[in-house]
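Participant: only geometry, no sequence info:
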């Protein structure tokens with residue numbers, strides 16, 4: 001039986017205080033989402049864990065060149081511009097916390113598998129070993145999972161339903177010697193292709209392969225990142241209608257529930273956010289993320305919460 005709460009690894013230092021000229025609101029998304037949950041009287045379902053330590057500069061060397069890591073934290077323009085986000089010392093500090101949040105969420109879930117954990121951040125799945133890319137400064141998935149593997153021997157898989165292929169894992173495989181062990185190739189980085197019902201069919205097919213890997217003890221934890229930019233009204237024009245986007249959430253949580261029942265013990269589950277970029281109505285992004293979290297609470301945590309996102313129609 002799972003705990004009724006979602007354990008949320010949030011620290012105020014994860015949030016950029018002034019977003020400046022940034023097009024993306026990702027550096028402020030953790031706080032924006034928590035405020036949204038509070039306004040919708042849902043914050044009581046989330047236990048905040050803020051006692052984790054940020055990453056040191058050296059920990060980023062695990063997935064990136066020293067030249068890039070040192071250049072970024074020194075504020076050198078050649079290295080800071082690659083993630084398309086304005087650099088400041090405070091922004092660099094948020095990066096230490098957002099990346100550490102994912103690592104600590106995974107570790108906590110492995111130690112307490114009955115508790116769903118949540119890394120309320122994004123900006124992890126496009127960065128390359130040599131530089132950032134697409135609002136992603138560092139490869140948070142790679143760093144977190146390789147650290148976990150080296151410390152515990154546990155192997156994980158990512159269900160990445162962001163609107164864009166999460167390339168960081170695949171692009172780091174030659175750079176990080178034991179990444180293929182930490183996130184097994186072929187099953188550890190699930191990114192369904194196509195749109196609408198074909199997208200959903202591909203998701204179901206890949207979950208079938210993941211189920212086999214879990215049953216064969218080749219995967220020992222799962223990180224589910226349901227990006228809101230896979231919604232068709234996102235500024236980046238995603239793959240799913242509202243109904244399809246919500247259906248994907250149900251498919252994943254039903255998948256986990258059935259695994260729990262068959263295994264007679266809970267699968268360590270970690271949640272993430274990833275993309276979502278509507279400039280005309282960011283509450284639509286937050287509403288989708290909230291619907292995903294509520295679906296988890298209702299399906300896995302024994303809740304019966306009534307919540308439907310209010311999405312502003314996109315002008316076409």
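Facilitator: Perfect, I can see it now. All values reported here derive from a predicted model rather than from experimental measurement.

Participant: Does residue 275 touch residue 161 like I think?
Facilitator: No - contact criterion Cβ atoms under 8 Å: residue 275 and residue 161 do not qualify, at 9.8 Å. Heads up, the C-betas are built off the backbone N, CA and C, glycines and all.

Participant: what's the overlap in contacts for these two?
Facilitator: Both residue 275 and residue 161 are in contact with 227, 230, where contact means Cβ atoms under 8 Å, 6 or more residues apart in numbering.

Participant: The stretch 201-316 of the chain: helices as residue ranges?
Facilitator: Listed in chain order, the helices found in the stretch 201-316 of the chain under DSSP state H, counting those that start in this stretch are 242-263, 282-300.

Participant: what angle do the shortest one and helix 242-263 make?
Facilitator: What separates the directions of helix 282-300 and helix 242-263 is an angle of 30 degrees, with axes from the mean of the first three to the mean of the last three Cα atoms, to 10 degrees.

Participant: Tell me the buried residues in helix 282-300?
Facilitator: 282-300 (16 or more other Cβ atoms under 10 Å).

Participant: rewinding a little: looking at the helices of the stretch 201-316 of the chain, spot the one closest to residue 141.
Facilitator: helix 242-263 (17.0 Å; Cβ to Cβ).

Participant: Turn the helices of the stretch 201-316 of the chain into a markdown table, including distance to residue 140 and mean pLDDT.
Facilitator: Below are those laid out as a markdown table (distance: least, Cβ to Cβ, whole Å; pLDDT from 0 to 100):
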| stretch | distance to residue 140 | mean pLDDT |
| --- | --- | --- |
| helix 242-263 | 20 | 98 |
| helix 282-300 | 17 | 98 |
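
Participant: could you dump the ones you listed to JSON lines with distance to residue 226?
Facilitator: Compiled in JSON lines, the helices of the stretch 201-316 of the chain are given as follows (distance: least, Cβ to Cβ, whole Å):
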{"stretch": "helix 242-263", "distance to residue 226": "6"}
{"stretch": "helix 282-300", "distance to residue 226": "5"}
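
Participant: Out of the ones you listed, flag the one nearest residue 83.
Facilitator: helix 282-300 (19.2 Å).

Participant: Can you give the distance of that closest one from its chain's centre?
Facilitator: 13 Å (Cα atoms, centre = their mean, to the nearest Å).

Participant: Show me what that helix is packed against.
Facilitator: Applying 3 or more Cβ pairs under 8 Å, 6 or more residues apart in numbering; DSSP states H and E, one finds that helix 282-300 makes contact with strand 6-9, helix 29-39, strand 116-119, helix 242-263, strand 269-272.

Participant: elements contacting the first one?
Facilitator: If you count contacts as 3+ Cβ pairs under 8 Å, 6+ apart, strand 6-9 packs onto strand 46-49, helix 89-111, strand 116-119, helix 282-300.

Participant: Output the helices and strands packed on helix 282-300 in JSON lines; the columns should cover mean neighbour count and distance to residue 63.
Facilitator: As requested, the helices and strands packed on helix 282-300 are exported to JSON lines (neighbours: other Cβ atoms under 10 Å; distance: least, Cβ to Cβ, whole Å):
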{"stretch": "strand 6-9", "mean neighbour count": "24", "distance to residue 63": "19"}
{"stretch": "helix 29-39", "mean neighbour count": "19", "distance to residue 63": "21"}
{"stretch": "strand 116-119", "mean neighbour count": "28", "distance to residue 63": "16"}
{"stretch": "helix 242-263", "mean neighbour count": "17", "distance to residue 63": "26"}
{"stretch": "strand 269-272", "mean neighbour count": "25", "distance to residue 63": "17"}
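
Participant: any chance of the ones you listed in TSV, plus distance to residue 75?
Facilitator: Output for these, formatted as TSV (distance: least, Cβ to Cβ, whole Å):
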stretch	distance to residue 75
strand 6-9	27
helix 29-39	23
strand 116-119	26
helix 242-263	38
strand 269-272	27
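
Participant: Point me to the residue sitting closest to the centre of this protein.
Facilitator: residue 272 (2.7 Å; Cα atoms, centre = their mean).

Participant: Nearest spatial neighbour of residue 105, chain-adjacent residues omitted?
Facilitator: residue 117 (4.0 Å; Cβ to Cβ, 6 or more residues apart in numbering).

Participant: and if you look at residue 225?
Facilitator: residue 272 (3.8 Å).

Participant: Can you give me the distance of the one you found to residue 52?
Facilitator: As defined by Cβ to Cβ, to the nearest Å, residue 272 lies at a distance of 15 Å from residue 52.
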